[in-house]
Each structure stands twice: as C-alpha cells, then as structure tokens.
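S.K.: Prediction below, plus the sequence it came from.
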Amino acid sequence: MDLTAKAMTVNVNKKKKISSTRKLQLIGGLFGLPAIVIVTFATIIPVIWNVVLSFCNWDGVSAMSFNGIANFTKIFADRASMKAIGYSLIIALVATATAMVLGVGLSLLIYKVTKLEGAIYRFVFYSPVMLPLSVVGLLFTLVLATDEGLLNNILGLIGLKNLQNAWLAKKGMVLVVIGLVQGWRSSGTVMMLVYTGIIGLPADLFESSKLDGATYGQEVRHIILPLVKPTIQLALSMCVMSAFKTYDIVFSMTGGGPGDISKTAPLKIIEQAFMFNKYGLAAANSVIYAIIVIIILAVLRKGVGGDKYEY
Amino acid sequence: MKKKLLAAVMAGTLALSMMGCAGKTETEAGKTEEKTEANTEAAQGKLEKTDTVKVAASSGEKQDLVIMITNPGDVNNEVEQRLIEKLGDKYNIITKTWDSASVEQTVKTAAAADEQIDLVQYWPNQMNSFTEVGLATDLTPYMDDEWKATFNEGVLDIGTYDEKLYNVAYKTVYPAMLVDLEVTRAAGIKDEEIKDQMTWEEFCELCRKIQENTDMSGAGIPDTYACWLTRNAVMQVWDTDEELDKWNAGEVSFKDEHIVKAFDMVKDVFEEGLFYPGEGALAVTQDQLYGAISAHKIGFIFEPTTAVKTTIDNSGLKEYKVCDFPAMGNNPTNPLLGGCDGYFIPTCAKNTEGAIEAMKYLTGEEIMTLRAEGGQVPCAKIASGANVDEAFMESISRCSDQIYPTEIINVGAELSDYLQNQMPANYIYNGEASLDELEEMREAAVSK
C-alpha cells in the first residue's frame, strides 16, 4: 500500500471515529435533556426571575413596577435584615467548622478498623445525615429544653449543675448551639467523603512510612491530609453551601426566636415575601445573601487550595 | 453495529423511562381516585384523618370547598366534623390544618399562587394585614338582616374596616390566669388571698412567695403568648381611655415614658426569674408548659379563655381557680387586649357561596351551643336549653366588656408582627434598640 492510500485510510477511520463520537455525544445530550429541562424550570428560570424581581416593587396582588436599586438600598439600611444575614453567617461558620473537624476526625479514627467494625462505625456516624433537618431540629429542642431537657438533666445528674443553661434562649449562645447541631448532622457526609479518599491512597505509602518509623500522627500530617486535600476541599464546599441554608433547622428549633435572636436570613426573606407581601425586597435580600455565599465559597476554596500531589 | 445496538437500547430505555413516568402519573391518578372514593365513605361517618389535608367528601360534580379552620381541641374537632356532615353532600370539603404561627403566611402564599382557599379562621381585629393588600373579601353584601340578628351586639364591628365587614367573629377570647391551688397552698398562700382581679404588684408578690417557699415557679406562659404581657402593659399603663386612644392610633412614640415603664414592668419579672423555668422562660413551648402544669410546677398560668377548659382537662388539675389578667395600670376601665376568633374569606377563594354557607352554619345556633357547652364564649345566640356550667362560663367571660376595641397592633402589619412575635424578648435582649425599631415601624405605618 502506498503512502497516499495509507493516509486516506487513516482519514476515513478518523472521520468514522468522529462521527461515532458525535453520535454518542448526541445520545448523551438526549439523555441529559430531561434533567436540563427540570433544572431550567426549577432553578435557572426562578433565579433569573428572582434577580428581575429584586429590581421591582410587587406585593403579589397589584401590578409590578420597576424601582431600580431601591430594594437593595433598603436592605442595606434595614438593621433587621443585616442582623439576619449576620446570624446566618455565624451559624454557617460554626456548622462548617463542626462538620469539617468532626467529619475529618471521625474518618481518621475509623479508616484503620476492620471491615465489620468499620461498617458499623460508618453507619452510626453517617446516620444523622439520613434524618431530615426538621426532625433533627425537633429532636434537639427536646434535648436542649431548659427544664425537662435531656442535656440539662444529665448535667444535673453528674453534678455539673453550674453548666446547665438555657441553650436555646440566650443571645449568642442559641446561634452557636444551632450551628453545632447542624454541623453534627452534616459531619457524616464529610466523614464518608474523606474516608473514601483515604482508603483510595496507595498502601505502599503507608508501608514505607512505617519502615521509616513514622508515628500515626506523622502519617496523618504528612501523608493522609496532603493527599486527600482535594477531597477535603470538595467536602468543605458542600458543607458551606448546606450550612447557609439556615431555614428548616432554625425554624424547627427556635422559629427565629426568642424575639429575633436567631432569625436568620432565609427566615427574614420568607417573612418579607409571604407575611408583608414585599416580594421585591425579599428578592433583593436573597440576591445579596447569595452573593455573600458565593464570595465566601470562592475565598474558602482559594484558601484551602494549594499544592496537589499525584501518586 | 454494537454501538448502534447500544444506542438503540439506550434510546429505548429512555423512551421506556419516560413512559414509566407517565405510567406513574396514571397510577397516582388512580390512587387519587381511590382516595376520593375512600373519602366519600369518610363523609358518611367513617372519617379518616391525616395530618395535613383531609378530603372529607368527594364525588363527580361537587364543587371543592377548601377550609382552613382545623386546629386542636375537642370542641374544634367536633365543630369540623359537624360541618362535614352538614355540607359534605353538597361540597368536596377539603380541610387544611390551621396553625396560628403560619396561617397568614399560608393564605398569602396561596393567594400569590392563585391556590384555592375558601374559608379561613383569623382574628377579626387583626385583619389589617389582609385588608391592606386586598386579600380579604368584603362580606357586607352577604350579611343579611336575618344572619345579622343572630350575633351579639357590637360583635360584627370588630371585623369591620372602613365600613366593610371582612371577618365574622364566632367566639370571644382574652387572656386569663389559671391558678393551681395545690401550688399556692404549698407556698402558704391562702385561697382568699387570690383575688379574681389582682394588681400586677399583688400578682408579683404572690409569685415571689411561691418561689421563696417552694421549688416551683410563680407563673408560666408559653412563648406564643408571651407578647400578651407587653401588649396588655402598653394598653393598661395609660390613666384614661383618651390617652389610650391616642396611643392606639399610633400618635404616641414608643419612647414615651409610659411605654418604657410598661416594657420595664415585664422585663423585670423575667429578669427576676418569676416565670417558669426561670432562665429560658421566653422559649417555653405550649407542650413544655402543659408538662409543667401536670407536674404542679407552676402557680399562675396565663391562658386564653378559650383554652382554659382544655388545659384543666388535659393537665388533670383538680384544685384550681380562674383569675383575671392582673391590672397593670390605674385606668378605671382596666382595658384588656383580646377580642374574638373569627372567619374570613380570602380573595383567592373559588367557592365564595359555599364559604358563606359554611360560615352561616358555623355561626349558627347549633355550633354556638356546642361551643358554649365546651367551655367557650360564643359571639352569637345559643339554644335556650344549653347544658352550660354557669360558674365556669362566668369566670371566663366576666372581662368581656373590658376588651378594648382597638390596639396599637392595628396601625400596621409589620408593627403588629413585631409586637406579637418579637416582644417582650427583643426588649429584654436588646433594650432601647428594639424601641428604635418599633418607632421606625410606627412612623412608617402612620405616614402611609
């Protein structure tokens, strides 16, 4: 076969390859279509509509009117809205920190145990994730009640009466408590992700470190944590995003109260929209809140990012 | 060839999965039909209850009637049951659970989505949050003379705004105090010392006595009703009704010394720990309070008059007394917050005629008699031979004439929400900053 004929055959094969790849892409696209349609109607269009609404004045009944950036300036001038965003930030911060520390800690504790024990531990630590947030919230209102609550009664029984507290009725403390509960609930997901990352690491790395006399602590610090950094980064992003959804758990635990000491941004947004019929204002509030979450997420991703190792 | 086969299989799977979805809808539709049939039986007396929505009666041509009046209590359940028996043959009665904290939000959300709700239970004196945004139907054209004649004098005025009737009252409700005499006696308080009408100072003194002599709490109030303390305080702190009228019209600042004094009065009792369980008294739920009442941990319990009988029955109190809300000021008329529970028709109603028919039945003699016999104070005529405990009825209705027709909460919806859901907690936690917030809301509402 001469060179020209060879080149032609290669070309034809290439074309065949391209056309079959395109076909597969087309089929893939076809399969993705229902999901795209759902996401478009359930997420993309509402988000765009929300942004449009944030520049309008609408009470849900009369005609909508454009009012520029008035809603945004109102939100920045409204102490209650700013306070609510601040409370959400505190809860999200505590929840994320709790979930990450607990999740990574638990995964480091269980990755070495045997198959059966490991399965039991994983089930136990992951089970809170399976509970709906509202159920977790209700459960903890019983645990944290001042008089008949489980926690205060246990503290009383073991002679730590001075530590008994009105966990859900003290300014400042209520936010930390809600954050801790939410963080505990999310820690199972972090644990699973990091655990999966750890068991995927090559065994020879651990063996050679043992030969070099590395302790468990050194193994964690110098091998595991640097190598599972991308997984931790992913878990962190997921945690931050879920931690900012401070609605159901807050609603079921305190309803935003007492007073407004735990009224978070999502509760405030719903109040503005559905109690006072200020849909434009609520939309502006949610846009500001979303922007804050995006900025925090970007900063965190950059902060946790860094060298990635290949093995 | 293999790839083509794979593509065909995948496309087939996709088509099948889509058909599966359609099939599922059909199956669900089938289930709905089953549910409808089942609920026809329910209308014939075999009512099956679910938590949120119950379809009470259903068949071919009947029009839906969506009502949101379902709330806990034996009397309320009986009322709803009778309504279903009465109108179930004519309408598909769909009931939605009523919750005081979310009723406004639920109705407004439904209105925004143009979802049908025909009849809602709401407070006639707080209708401004619906009338201000045009979400309540004007009932004036439906209030004929015959229907009007069944109501007690002046009752319909409570739900009338700008000469239009928006809400029809059906029972009187105001705050009262239930006294657990076992607790007070244990604290060395003689029954004679507990007067029907005490002053705020006398009440506080008795609470202190309970706390000093026992390990029980002086008083208790659930978080949802804690606002009564400040709402009553800001009403009763004025010396005359003229001064009160000015305040109720929104003409007086929240930083006025009378108002600050009123808020301080309430703040002091919480800071002193006179309310159950001391620290955390602002976050006590109704269930937690019931538990404490059953365990005889509280001397004085604040309750709406309509709930007094239920509380007594559920907590098993044997030795008790019903007292009036303590007088917090010197006004000789001793004005009291409260009014009535009532019904209104939102503008998202699709069956207004049905709602009116239900409303007429619910405010008619049969239901009013049932309520009176169940320990509630009805707003319309009851049957002459009704089996009513006269002494108990007197104890929960003797302050009816003290209920003041207006309140500062009527000035604006946001002000109303703040005073009802965030006070007194915000004043206790944030002090003057909460008055600044209230003042801003008052000014905004008055300038409208």
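M.R.: Yep, that arrived. All figures in this text were calculated on a predicted structure; none of them were measured in a lab. Numbering: from 1, shown residues only, chains lettered A, B, ... in the order given.
S.K.: Every contact and neighbour count from this point should use C-alpha atoms.
M.R.: Noted.
S.K.: In contact with A:C56, which residues?
M.R.: A:64-68, A:71, A:280 (C-alpha atoms under 8 Å, 6 or more residues apart in numbering or on different chains).
S.K.: Residue of the stretch 1-150 of chain A closest to chain B, please.
M.R.: Going by C-alpha to the nearest C-alpha, chain B is nearest to A:G60 of the stretch 1-150 of chain A, at 5.5 Å.
S.K.: Just to check, that residue is in contact with B:A110?
M.R.: No. The pair A:G60 / B:A110 is not scored as a contact, 10.6 Å apart, by C-alpha atoms under 8 Å.
S.K.: While we're on A:D307, how confident is the model there?
M.R.: Per-residue confidence (pLDDT) for A:D307: 66.
S.K.: secondary structure class for the residue of the stretch 1-150 of chain A closest to chain B?
M.R.: coil (DSSP: H, G, I helix; E, B strand; the rest coil).
S.K.: Spell out which residues sit in contact with it, please.
M.R.: Shown in contact with A:G60 (C-alpha under 8 Å, 6+ apart): A:277-279, B:112.
S.K.: Repeat that for B:D64.
M.R.: B:91-94, B:351.
S.K.: what's the closest of those to B:G134?
M.R.: B:N351 (17.7 Å; C-alpha to C-alpha).
S.K.: so how many other residues sit close to the closest one?
M.R.: Residues lying near B:N351 (other C-alpha atoms under 10 Å in any protein chain shown) number 18.
S.K.: Ramachandran coordinates for residue 169?
M.R.: All of this refers to chain A. Backbone torsions for A:A169, taken as degrees, to the nearest 10, come to phi -130, psi 20.
S.K.: I was after chain B.
M.R.: phi -70, psi 150.
S.K.: wouldn't it be in contact with B:G342 here?
M.R.: Yes. Counting by C-alpha under 8 Å, B:A169 does reach B:G342; the two are 3.8 Å apart.
S.K.: So for these two, which sits in the more crowded spot?
M.R.: Each of B:A169 and B:G342 has its neighbours counted (other C-alpha under 10 Å); B:A169 has more, 28 against 25.
S.K.: residues contacting the more buried one?
M.R.: Applying C-alpha under 8 Å, 6+ apart, the residues near B:A169 are B:123-124, B:155-156, B:158-159, B:340-343, B:379.
S.K.: can you tell me how far it sits from chain A?
M.R.: Computed as C-alpha to the nearest C-alpha, to the nearest Å, the B:A169 to chain A distance reads 22 Å.
S.K.: what's the answer for B:T310, then?
M.R.: In terms of C-alpha to the nearest C-alpha, B:T310 sits 22 Å off from chain A.
S.K.: neighbours around that residue, how many?
M.R.: The burial count for B:T310: 17, using other C-alpha under 10 Å.
S.K.: which element is it on?
M.R.: Taking DSSP states H and E as the criterion, B:T310 maps to helix B:308-315.
S.K.: Please state the offset of the next helix or strand after that helix from the chain centre?
M.R.: The element immediately downstream of helix B:308-315 (helix or strand, assigned by DSSP H and E) is strand B:320-324. Distance, stretch centre to chain centre, for strand B:320-324: 21 Å (C-alpha atoms, centre = their mean, to the nearest Å).
S.K.: Mind giving me the packing neighbours of strand B:320-324?
M.R.: strand B:175-180, helix B:181-186 (3 or more C-alpha pairs under 8 Å, 6 or more residues apart in numbering or on different chains; DSSP states H and E).
S.K.: again, only using 10 Å
M.R.: Strand B:320-324 sits against strand B:175-180, helix B:181-186, strand B:298-304, helix B:390-395, with contacts defined as 3 or more C-alpha pairs under 10 Å, 6 or more residues apart in numbering or on different chains; DSSP states H and E.
S.K.: For burial, what's the neighbour tally of the closest residue to chain A within the stretch 301-448 of chain B?
M.R.: Among the residues of the stretch 301-448 of chain B, B:Q422 lies closest to chain A, at 3.8 Å counting by C-alpha to the nearest C-alpha. Residues within reach of B:Q422, counting by other C-alpha under 10 Å, total 22.
S.K.: same question, the one 4 residues further on
M.R.: The number of residues packed near B:N426 is 21, by other C-alpha under 10 Å.
S.K.: so it is in which element?
M.R.: helix B:425-430.
S.K.: So which residues make contact with that helix?
M.R.: Applying C-alpha atoms under 10 Å, 6 or more residues apart in numbering or on different chains, the contact partners of helix B:425-430 are A:169-171, A:257-261, B:223, B:226-227, B:230, B:260, B:263-264, B:266-268, B:270-271, B:281-283, B:418-419, B:423, B:431-435.
S.K.: Alright, I will stop here.
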